[in-house]
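Participant: this one's sequence-less:
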């Protein structure tokens, strides 16, 4: 039957050799052998298997007597295959996909099923603390590019039978493995079904950019709104905590980042350090992060507004006035520095580590001293932009920091062109972007501020513990 393997091993071998192009591919290997007087063939990918297990299994096969051979693959699997992870497969497409994923396939003459013996292993780096999501206290492990390792890191933290790990694959060519992780009984079933339907309806050739490719495939509308629709984390403890709170975590093979959904603005601004310290310290860190990001958003547009209207400057803030001649318009200075900061950031990513320190010193001297003395920039402009650049690293979400950057650029241009009305228009656009944004579940992006839930909102600002009834009632909105 078309699409299924035959009982004749020669037919199966010819079809697989044609499909897999074994003559051209050096790493797709087949091992012909005889097991209990029957012809057999084992297909596997070089470099994706545990050689010591392969050696022991083949050694066992050579000792099988003909009279001990069962009449079907199921009996062979139970009696003569000394390994834990074994599946029986008939569909040709499923066999090819798993084989190319690294699962060895055994074909035995007379059996109309292939035996998938999963002793694959993937090249992986060590489990270490992420470069971005670092904490002062707490665990120092992080997700890696191997999905099985990542699920194990979550299982290690949640030892409960209600923790579900659903696996599927996406991509017509890549067949990328993807895992939905959630707690049965805590996740909202309606939203879970919605996520399943969205994933099943996605038609892509490959998830080339991993989490970003999946995010764009799931959420195809309203991408002009810069605020992130998903929360990303490389920390297993953050992912585990989100699962326990009823969220869904999506893990993608080849990606060290986990997607958490649904996600509101307040959840994106939370970090692990908020919980690894006592409530007072955690509250201070959280409020400091929020205040610093607000200041970074409004500092340069507000200063530009005051420079355009010197009479509005209070006497106590008179020191912010620029007394030197202005050779380059202040708006242009700020815009140039905004792009220069991103240029330095991109350059640092491609700078060899041994040269990063001396080059950063040179860049600091050139931009910090010579540009001011040459008259291109003023010292106040450099100071405020230096604060903004540092403030961007006060929270772990790259997406949120760039959303604030884009809105700050918009406010700068509007303020520089239209003055106070442009500044107010920039604030209105920012508020509209926040209010109009929705999570994937359709929930307000500003929950629990909109709709207002006082006790839950208090918990987003301060490290306090609410009664279970209040907490459950808030998250079900």
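Facilitator: Yep, it's here. Just so you know, these numbers come straight off a predicted model, no measurement behind them.

Participant: Centre-most residue in this protein?
Facilitator: Central residue check for the chain by Cα atoms, centre = their mean: the C-alpha nearest the mean position is that of residue 257, 3.0 Å away.

Participant: contacting residues for that one?
Facilitator: Counting by Cβ atoms under 8 Å, 6 or more residues apart in numbering, residue 257 touches 143, 210, 211, 232, 233, 234. (Glycine included, C-beta is placed from N, CA and C.)

Participant: of all the residues you listed, which comes closest to residue 132?
Facilitator: Nearest to residue 132 among these is residue 234, at 6.8 Å by Cβ to Cβ.

Participant: Test my guess that the closest one contacts residue 143.
Facilitator: Yes: using Cβ atoms under 8 Å, residue 234 is in contact with residue 143, at 5.0 Å.

Participant: Show me whatever sits in contact with both of those two.
Facilitator: Taking Cβ under 8 Å, 6+ apart as the criterion, residue 234 and residue 143 both touch 130, 256, 257, 258.

Participant: hmm, back to that, list the ones among the contacts of residue 257 that fall in helices.
Facilitator: Assignment to helices by DSSP state H places the following of the contacts of residue 257 there: residue 211.

Participant: Any of the contacts of residue 257 buried? List them.
Facilitator: 143, 210, 211, 232, 233, 234 (16 or more other Cβ atoms under 10 Å).

Participant: so can I have JSON lines of those showing distance to residue 177 and pLDDT?
Facilitator: As requested, the buried ones among the contacts of residue 257 are exported to JSON lines (distance: Cβ to Cβ, whole Å; pLDDT from 0 to 100):
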{"residue": "143", "distance to residue 177": "14", "pLDDT": "95"}
{"residue": "210", "distance to residue 177": "11", "pLDDT": "88"}
{"residue": "211", "distance to residue 177": "13", "pLDDT": "88"}
{"residue": "232", "distance to residue 177": "18", "pLDDT": "94"}
{"residue": "233", "distance to residue 177": "19", "pLDDT": "94"}
{"residue": "234", "distance to residue 177": "18", "pLDDT": "94"}
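
Participant: Check these and tell me the two furthest apart.
Facilitator: Within the buried ones among the contacts of residue 257, two members stand farthest from each other by Cβ to Cβ: 210 and 233, at 14.0 Å.

Participant: Which elements pack onto the one helix or strand residue 341 maps to?
Facilitator: For residue 341, the element it lies in under DSSP states H and E is helix 330-349. On a contact count with 3 or more Cβ pairs under 8 Å, 6 or more residues apart in numbering; DSSP states H and E, helix 330-349 meets helix 279-308, helix 353-365, helix 379-391, helix 398-418.

Participant: That one vs helix 379-391, what angle?
Facilitator: Here helix 330-349 points in a direction 40 degrees away from that of helix 379-391 (axes from the mean of the first three to the mean of the last three Cα atoms, to 10 degrees).

Participant: Helix 330-349: how far from the chain's middle?
Facilitator: Distance, stretch centre to chain centre, for helix 330-349: 26 Å (Cα atoms, centre = their mean, to the nearest Å).

Participant: and that helix, which residues are buried?
Facilitator: Within helix 330-349, the residues that count as buried by 16+ other Cβ under 10 Å are 330, 331, 333, 334, 335, 336, 337, 338, 340, 341, 344.

Participant: pLDDT and distance to residue 433 added to those, as TSV?
Facilitator: Converted to TSV, the buried residues of helix 330-349 look like this (pLDDT from 0 to 100; distance: Cβ to Cβ, whole Å):
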residue	pLDDT	distance to residue 433
330	91	25
331	93	22
333	91	26
334	93	21
335	94	20
336	90	25
337	89	24
338	92	19
340	84	26
341	85	22
344	79	27
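
Participant: now residue 240: how far from residue 275?
Facilitator: Separation of residue 240 from residue 275 (Cβ to Cβ, to the nearest Å): 12 Å.

Participant: same thing with residue 108?
Facilitator: Taking Cβ to Cβ as the measure, residue 108 and residue 275 are separated by 54 Å.

Participant: These two: which is more packed in?
Facilitator: residue 108 (26 against 18; other Cβ atoms under 10 Å).

Participant: which stretches of the stretch 101-250 of the chain have low pLDDT?
Facilitator: 221-222 (pLDDT under 70).

Participant: mind redoing it with 80?
Facilitator: Across the stretch 101-250 of the chain, the ranges flagged by pLDDT under 80 are 132, 220-223.

Participant: one step back: sort the shared contacts of residue 234 and residue 143 by pLDDT and name the bottom one.
Facilitator: Within the shared contacts of residue 234 and residue 143, pLDDT reaches its minimum at residue 130, with 87.

Participant: tell me the contacts of that residue?
Facilitator: Residue 130 is in contact with 142, 143, 234, 235, 256, counting by Cβ under 8 Å, 6+ apart.

Participant: please redo it, this time with the cut-off set to 7 Å
Facilitator: When contacts are counted by Cβ atoms under 7 Å, 6 or more residues apart in numbering, residue 130 touches 142, 234, 235.

Participant: Can you lay out these as a markdown table showing distance to residue 170?
Facilitator: As requested, those are exported to a markdown table (distance: Cβ to Cβ, whole Å):
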| residue | distance to residue 170 |
| --- | --- |
| 142 | 24 |
| 234 | 21 |
| 235 | 24 |
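
Participant: Just the closest of the residues you listed to residue 244, please.
Facilitator: Nearest to residue 244 out of the contacts of residue 130 is residue 235 (Cβ to Cβ; 14.1 Å).

Participant: State the number of residues packed around the closest one.
Facilitator: Per other Cβ under 10 Å, the neighbour tally for residue 235 reads 26.

Participant: any idea how far the closest residue to it other than its chain neighbours is from residue 299?
Facilitator: Among residues not flanking residue 235 along the chain, residue 133 sits closest, at 4.8 Å (Cβ to Cβ, 6 or more residues apart in numbering). Going from residue 133 to residue 299 by Cβ to Cβ gives 26 Å.

Participant: Looking at these two, which is more packed in?
Facilitator: Neighbour count, other Cβ under 10 Å: between residue 133 and residue 299, residue 133 has more, with 20 against 16.

Participant: residues in contact with that one?
Facilitator: Contact analysis of residue 133 by Cβ under 7 Å, 6+ apart lists 233, 234, 235, 396.

Participant: Filter these down to the ones in strands?
Facilitator: With DSSP state E as the criterion, strands contain residue 233 from among the contacts of residue 133.

Participant: what sits opposite residue 35 in the beta ladder?
Facilitator: With DSSP bridges as the criterion, residue 35 is bridged to residue 38.

Participant: residues in contact with residue 328?
Facilitator: Residue 328 sits next to residue 376 when contact means Cβ under 7 Å, 6+ apart.

Participant: what about it, which helix or strand?
Facilitator: Per DSSP H and E, residue 328 falls between elements, in no helix or strand.

Participant: and it, how far is that from residue 377?
Facilitator: Counting by Cβ to Cβ - residue 328 and residue 377 are separated by 7 Å.

Participant: any idea where the strands of the stretch 101-250 of the chain begin and end?
Facilitator: Taking DSSP state E, counting those that start in this stretch, the strands of the stretch 101-250 of the chain run over residues 105-108, 114-117, 163-170, 176-183, 231-233, 248-252.
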